[in-house]
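Asks: predicted model follows, preceded by the sequence.
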2 protein chains.
Amino acid sequence: MSTPSRKIPVDLPGRTYEVTVGAGLIGREDCFAPGILGEDVLIVTNETVGPLYLDRLRQSLGSRRAAVCILPDGERFKTLEGFSAIIDSLVENRMHRDATVIALGGGVVGDMAGFAAACYQRGVAVVQVPTTLLAQVDASVGGKTGVNHPGGKNLIGAFHQPAQVLADVTTLRTLPDREYRAGLAEVVKYGAGLDPGFFDWQEQNTEALLARQEHALIEAVSRCCECKAGIVLEDEKEAGRRALLNLGHTFGHAFEAATGFDQWLHGEAVAAGIIMAARLSEKLGHLSAGEAERIRALLDRFGLPLSPPPGSATVFLDLMRMDKKVTSGRMRFVLLRALGESFVADDVSDRDVASVLRQASAP
Amino acid sequence: MSTPSRKIPVDLPGRTYEVTVGAGLIGREDCFAPGILGEDVLIVTNETVGPLYLDRLRQSLGSRRAAVCILPDGERFKTLEGFSAIIDSLVENRMHRDATVIALGGGVVGDMAGFAAACYQRGVAVVQVPTTLLAQVDASVGGKTGVNHPGGKNLIGAFHQPAQVLADVTTLRTLPDREYRAGLAEVVKYGAGLDPGFFDWQEQNTEALLARQEHALIEAVSRCCECKAGIVLEDEKEAGRRALLNLGHTFGHAFEAATGFDQWLHGEAVAAGIIMAARLSEKLGHLSAGEAERIRALLDRFGLPLSPPPGSATVFLDLMRMDKKVTSGRMRFVLLRALGESFVADDVSDRDVASVLRQASAP
């Protein structure tokens, strides 16, 4: 008997779409029924994911005209050139305004294909079919699309809500162990920052999650998407509550940058970042030592990095400042008042940040 | 005594901005008061317009931090590479999310700078300062931004409404004669297609318009913007009434394509296109011969092309079909029921189109 799938509606002003979370969704007839209106489809995928799921996905498309655009795999290809390759493919295949782009892959494919769909003829539909845990719980919901610039990550992009999101947890079985664990860091982020009940559930289901059991995966992905959908609904274009989704990310980005973006996976940097945010919250008197320890312990059981990569506090601080100079102009940290209760602070002193970094790096 | 400026509000759901039409606006202190909120500004202009107005524009910016990005002049530079150059400039100058892009130039500058603003950090403000007649009456209002692709014009872009539009008619004095006349074709388009009273006014003020008299320019630009603002308000993302702004454009695009996009100016192709649309309307029994003749006569007085460029009807038809294959998939013509009353027809036969083209091309 197959596990039933879950549907999470995302209601935005003037548009509603659905996130379907289940096992074995790709390949099912009519799984795209709500999302694809026209006859023309461009499937965007990469060299790793394509061979695994492309044929199965085509079976779901019936008589539609489906072209395919295969990109190289990796964050370093998330550039304007990659975006341009997708646009070329849309033009070459004479796709109209009623065409649909299907993004089959992880966050990189989703971000690039979503951005190309946002810009092609000033906007065509995109259906997200995320195949990594990170993309299922984070990247595919919320409508953020974009590519990197040598001067910073995601500096070029658009808000473009998908017509549909199809999160097939069966695809998570083929994920390399390290990448799967990195995705769990974002799952912890939702629990620790926004949903204490979900954090408890994760503590109780660590083994099922590590074993990638279907029911546990569906529950985890669904709850993350519900959490994110709730926040996106309140705050589509960021500024307020949406910033809370960045728990661990101010530190995390600096850790990624310090290691040249090619040694740590995003989720690994976020894991160490969440721990830094918890320690900073504890140091500033917001969070109890016991709760900070529960967060550390859970990330530890998921086999994630618990301390910053090699590097001085000064270097990390410079990187954080640089990052913010390019984006919002201000250093902001998401801190915790309790498990599941986060808030944004933009008045944290460099000294406190440096002190937490030094303590964590001490042997 | 200076001519008073006119303000046209553009009310869109959730956003309102103003088009100011006047003489000598650039350089006036606080002319940007409603549009620029932050301290950081990137002025995007080209090699022709920059030397003429950049210094004056800087005077209006007070103590703000203004960087400049100068692009080569010409439609052939309206590409992803040009877009990318603007993004690079925003990154290099460390512009934040509260930065404002000022587009100083014609339609090409406005479209590219607007598109870069739409995408930089997923959207920063843009103020349009159009310096050509075409851009003042058409391109700068309505929020369409984008760049060309080798496969078609404006295939990559976004809807991004400006924070403010500043149409300084003084800049029209430096326009080359041919370019100025080409802009008048779009002015005729508004009268002939949407506003019969405005068409009458144009017939009565031909000399003042050709002499580029300030009061006539302010009146003409204001009425075009009012007309366009009304339509954009009803139909921000196209489909319905917004299509009426394309009177003469189905034919016009084919004429531009047939001449390799480098012999006819857009407005010249539109002028011949408006005449074709009027003749087609007459042939199909919608428009009287007298009204079609009034349109032809006005475009003639403005010194615009009255018949298609050399080429066979079959070639033009193929180009029109090709154009529509890439965009909406259907050949649509804006036809006239009377002066100032247009409608969209998607059931016109190739035979009727070919017949009108052949008649007009006959020596």
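Replies: Noted; the coordinates are in hand.

Asks: the helices in chain A, which residues?
Replies: Assigned by DSSP state H, chain A shows helices spanning A:49-59, A:80-92, A:107-119, A:133-134, A:177-194, A:196-204, A:206-210, A:214-234, A:249-258, A:266-283, A:289-301, A:313-326, A:350-361.

Asks: lowest average pLDDT across those?
Replies: Per-stretch mean pLDDT for these is lowest at helix A:313-326 (a mean of 83).

Asks: what about A:G114, neighbour count?
Replies: 29 (other C-beta atoms under 10 Å in any protein chain shown). Quick note: C-beta positions are derived from backbone N, CA and C, even for glycine.

Asks: which residues does it contact?
Replies: A:V101, A:A103, A:V126, A:Q128, A:G143, A:K144, A:T145, A:A158, A:H160, A:P162 (C-beta atoms under 8 Å, 6 or more residues apart in numbering or on different chains).

Asks: farthest pair in these?
Replies: The span of the contacts of A:G114, defined through C-beta to C-beta, is set by A:V101 and A:K144 at 15.7 Å.

Asks: neighbour-wise, which of the two wins?
Replies: A:V101 (28 against 24).

Asks: in a markdown table, list the contacts of A:G114 along with distance to chain B and pLDDT.
Replies: Listed next are the contacts of A:G114 as a markdown table, based on distance: C-beta to the nearest C-beta, whole Å; pLDDT from 0 to 100:
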| residue | distance to chain B | pLDDT |
| --- | --- | --- |
| A:V101 | 14 | 98 |
| A:A103 | 17 | 98 |
| A:V126 | 14 | 97 |
| A:Q128 | 17 | 97 |
| A:G143 | 9 | 91 |
| A:K144 | 7 | 93 |
| A:T145 | 8 | 96 |
| A:A158 | 6 | 97 |
| A:H160 | 9 | 95 |
| A:P162 | 15 | 95 |
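
Asks: which residues of chain A lie near chain B?
Replies: A:80, A:84, A:87-88, A:91-92, A:94, A:96-98, A:118-123, A:144, A:146, A:149-152, A:154-159, A:237, A:325-329 (C-beta under 8 Å from any C-beta of the partner chain).

Asks: can you do 7 Å?
Replies: Within chain A, the positions lying close to chain B (C-beta under 7 Å from any C-beta of the partner chain) are A:80, A:84, A:87, A:91, A:94, A:96-97, A:118-122, A:144, A:146, A:149, A:151-152, A:155-159, A:325-329.

Asks: for PyMOL, write a command that selects the buried ones of these.
Replies: Buried members of these, defined by 16 or more other C-beta atoms under 10 Å in any protein chain shown, are picked up in PyMOL with:
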select buried, chain A and resi 80+84+87+91+94+96+97+118+119+120+121+122+144+146+149+152+155+156+157+158+159+326+327+328+329
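
Asks: filter the residues of chain A next to chain B down to the ones in strands?
Replies: Using DSSP state E, the subset of those located in strands is A:K144, A:G146, A:H149, A:G152, A:L155, A:I156, A:G157, A:A158, A:F159.

Asks: was I right to think A:K78 contacts A:G110?
Replies: No - judged on C-beta atoms under 7 Å, A:K78 makes no contact with A:G110 at a distance of 10.2 Å.

Asks: these two: which has the busier surroundings?
Replies: Neighbour count, other C-beta under 10 Å: between A:K78 and A:G110, A:G110 has more, with 29 against 21.

Asks: mind listing what the nearest residue to that one once chain neighbours are set aside touches?
Replies: Closest residue in space to A:G110, ignoring its immediate chain neighbours: A:A103 at 4.6 Å, by C-beta to C-beta, 6 or more residues apart in numbering or on different chains. A:A103 makes contacts with A:V44, A:V109, A:G110, A:A113, A:G114, A:V126, A:Q128, A:V129, as judged by C-beta atoms under 7 Å, 6 or more residues apart in numbering or on different chains.

Asks: ditto for A:F83
Replies: Neighbour list for A:F83: A:M112, A:F115, A:A116, A:V147 [criterion: C-beta under 7 Å, 6+ apart].

Asks: the second one - how many residues pack around it?
Replies: Using other C-beta under 10 Å, A:F115 has 29 other residues around it.

Asks: cool, the last one as well?
Replies: By other C-beta under 10 Å, 23 other residues sit near A:V147.

Asks: beta-bridge partners for it, please?
Replies: On the basis of DSSP bridges, A:V147 is bridged to A:I156.

Asks: looking at pLDDT only, which of the ones in strands among the residues of chain A next to chain B scores worst?
Replies: Ranking these by pLDDT, A:G152 lands last with 84.

Asks: that one pairs with what?
Replies: A:G152 has these beta-bridge partners by DSSP bridges: A:H149.

Asks: thought A:L357 was touching A:G311?
Replies: No - using C-beta under 7 Å, A:L357 is not in contact with A:G311; the gap is 8.7 Å.

Asks: give me the more crowded residue out of those two.
Replies: Taking neighbours as other C-beta under 10 Å, A:L357 and A:G311 compare with A:L357 leading, 25 against 16.

Asks: if I look at the nearest residue to A:S288 once chain neighbours are set aside, how far off is chain B?
Replies: In space, and not counting its chain neighbours, A:S288 is closest to A:E282: 7.3 Å by C-beta to C-beta, 6+ apart. Counting by C-beta to the nearest C-beta, to the nearest Å, the gap from A:E282 to chain B is 31 Å.

Asks: what's the neighbour count on A:E282?
Replies: Around A:E282 there are 19 residues (other C-beta under 10 Å).

Asks: again with A:D262
Replies: Other residues lying near A:D262 total 10 when counted by other C-beta under 10 Å.

Asks: name the nearest residue to it, ignoring sequence neighbours.
Replies: A:D262's closest residue in space is A:R76 (C-beta to C-beta, 6+ apart), at 7.5 Å.

Asks: now do the contacts for the closest residue to A:Q202 other than its chain neighbours.
Replies: For A:Q202, ignoring the flanking residues on the chain, the nearest one in space by C-beta to C-beta, 6+ apart is A:G191 at 5.2 Å. Going by C-beta under 7 Å, 6+ apart, A:G191 touches A:F198, A:F199, A:Q202, A:G340.

Asks: tell me the contacts of A:H160?
Replies: Contacts of A:H160 by C-beta under 7 Å, 6+ apart are A:G114, A:A117, A:A118, A:G123, A:V126, A:G143, A:T145.

Asks: the last one contacts A:C119, doesn't it?
Replies: No - with contact defined as C-beta under 7 Å, A:T145 does not reach A:C119; the gap is 9.2 Å.

Asks: any idea how chain A splits into domains?
Replies: Annotated domains of chain A cover A:6-173, A:177-361 [automatic domain parsing].

Asks: CSV for the ones you listed, including distance to B:R58?
Replies: Listed next are the domains of chain A as CSV, based on distance: least, C-beta to C-beta, whole Å:
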stretch, distance to B:R58
domain A:6-173, 25
domain A:177-361, 23
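
Asks: deepest-packed of these, please.
Replies: domain A:6-173 (a mean of 21; mean count of other C-beta atoms under 10 Å in any protein chain shown).

Asks: what's the end-to-end length of that one?
Replies: 19 Å (C-alpha to C-alpha, to the nearest Å).

Asks: before we move on, what about stretch A:150-163?
Replies: Terminal-residue distance, stretch A:150-163 (C-alpha to C-alpha): 30 Å.

Asks: who does A:A338 bridge with?
Replies: A:E341.

Asks: same question, A:L71
Replies: With DSSP bridges as the criterion, A:L71 is bridged to A:N46.

Asks: distance of it relative to A:I86?
Replies: Separation of A:L71 from A:I86 (C-beta to C-beta, to the nearest Å): 8 Å.

Asks: list residues touching both of these two?
Replies: Joint contacts of A:L71 and A:I86 (C-beta under 7 Å, 6+ apart) are A:V44.
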